[in-house]
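**Student:** Need the 3D shape of this:
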Amino acid sequence: MVTDPQSLILWGAGGHALVVLDLVQTRGDWEVGGCLDDLNPSRHGTDFHGVPICGGGECLDRLRAEGFANLVVAIGDNRARLAKAAEARAAGFAFPTLIHPHATVSARAVLGCGSVVCARTAINPGASIGDHVIVNTGAIVEHDCRLGSGVHLGPGAILGGGVQVEDGAWIGMGAIVKDRVRVGRKAIVGAGAVVLHDVPEGVTVSGVPARPHASTG
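**Tutor:** Numbers count the residues shown, from 1 in each chain. Below you'll find the model as predicted:
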């Protein structure tokens with residue numbers, strides 16, 4: 001079977017995958033041909049909101065042979081999303097970038113492959129978004145920000161001008177990061193935090209102003 005080149009596979013069948021599926025269907029220029037679910041094998045052969053669940057990651061080679069060329073990893077967890085993307089890349093898939101029609105993205109911004117930009121977001125001039133990034137509902141990425149690969153900006157998060165968010169970092173919903181602050185690789189900024197100073201690699205911060213979480217010392 002040779003599929004339409006505008007067909008894609010979603011890797012994921014949970015809450016974030018539903019958001020991505022809705023985004024794709026709202027756009028209307030892509031069609032989701034199937035979903036993958038590694039967490040719940042009992043769902044294989046059923047459907048996800050009208051889209052067949054083909055199986056798990058073991059289906060990649062078969063789907064590629066059937067003619068599917070495009071895939072988006074629709075998993076919220078950064079580490080899992082990057083790991084699945086590496087598997088899909090090795091199987092020969094390409095990764096379209098999906099932008100909701102109700103998002104505002106400057107023509108002077110750069111977006112990497114496999115990233116998802118949700119409704120009511122704003123990405124301003126000079127911003128650079130890496131691969132497999134989630135810019136969730138209503139988030140704002142101001143001018144000249146730099147986001148690495150596998151970053152997740154939660155709903156309503158705000159990055160001031162010139163913020164750097166390194167690979168795999170997570171900015172919680174409603175968090176605010178002051179202009180020119182750096183958030184290190186795999187760091188976590190808690191929901192509602194106000195970040196005034198750089199966050200080191202792997203550290204979790206929360207509060208107003210944001211301070212290191214007790215569990216990270």
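
**Student:** centroid residue for the protein?
**Tutor:** By CA atoms, centre = their mean, the chain has its centre lying nearest to residue 134, at 2.5 Å.

**Student:** any weak-confidence spans in the chain?
**Tutor:** For the chain, the stretches with pLDDT under 70 are 1-5, 214-217.

**Student:** so where do the helices sit in it?
**Tutor:** Taking DSSP state H to define them, one finds helices in the chain at 15-27, 60-65, 78-90.

**Student:** With adjacent residues omitted, what lies nearest to the residue nearest to the centre of the chain?
**Tutor:** Closest residue in space to residue 134, ignoring its immediate chain neighbours: residue 152 at 4.5 Å, by CB to CB, 6 or more residues apart in numbering. In short, each C-beta sits where N, CA and C put it, glycine included.

**Student:** Ok, residue 149 next?
**Tutor:** Closest to residue 149 by CB to CB, 6+ apart is residue 130, at 3.9 Å.

**Student:** Around that neighbour, how many other residues sit close by?
**Tutor:** 21 (other CB atoms under 10 Å).

**Student:** quick one on the thing from earlier: in CSV, list the helices of the chain along with mean neighbour count and distance to residue 192.
**Tutor:** Listed next are the helices of the chain as CSV, based on neighbours: other CB atoms under 10 Å; distance: least, CB to CB, whole Å:
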stretch, mean neighbour count, distance to residue 192
helix 15-27, 18, 20
helix 60-65, 16, 38
helix 78-90, 18, 20
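
**Student:** Quick one, which of the ones you listed gets closest to residue 101.
**Tutor:** Closest approach to residue 101 among these is made by helix 15-27 (6.1 Å; CB to CB).

**Student:** List the contacts of that closest one.
**Tutor:** 8, 10, 12, 30-32, 35, 48-49, 51, 72, 74-76, 98, 100-101, 116, 118-119, 134, 137 (CB atoms under 8 Å, 6 or more residues apart in numbering).

**Student:** mind running it again at 7 Å?
**Tutor:** Applying CB atoms under 7 Å, 6 or more residues apart in numbering, the contact partners of helix 15-27 are 10, 30, 32, 35, 49, 51, 72, 74-76, 98, 100-101, 116, 118.

**Student:** Okay, angle between it and helix 78-90 too, please.
**Tutor:** Counting by axes from the mean of the first three to the mean of the last three CA atoms, to 10 degrees, helix 15-27 lies at 60 degrees to helix 78-90.

**Student:** Work out the gap between helix 15-27 and the centre of the chain.
**Tutor:** 12 Å (CA atoms, centre = their mean, to the nearest Å).

**Student:** One more: stretch 199-211?
**Tutor:** On CA atoms, centre = their mean, the centre of stretch 199-211 falls 21 Å from that of its chain.
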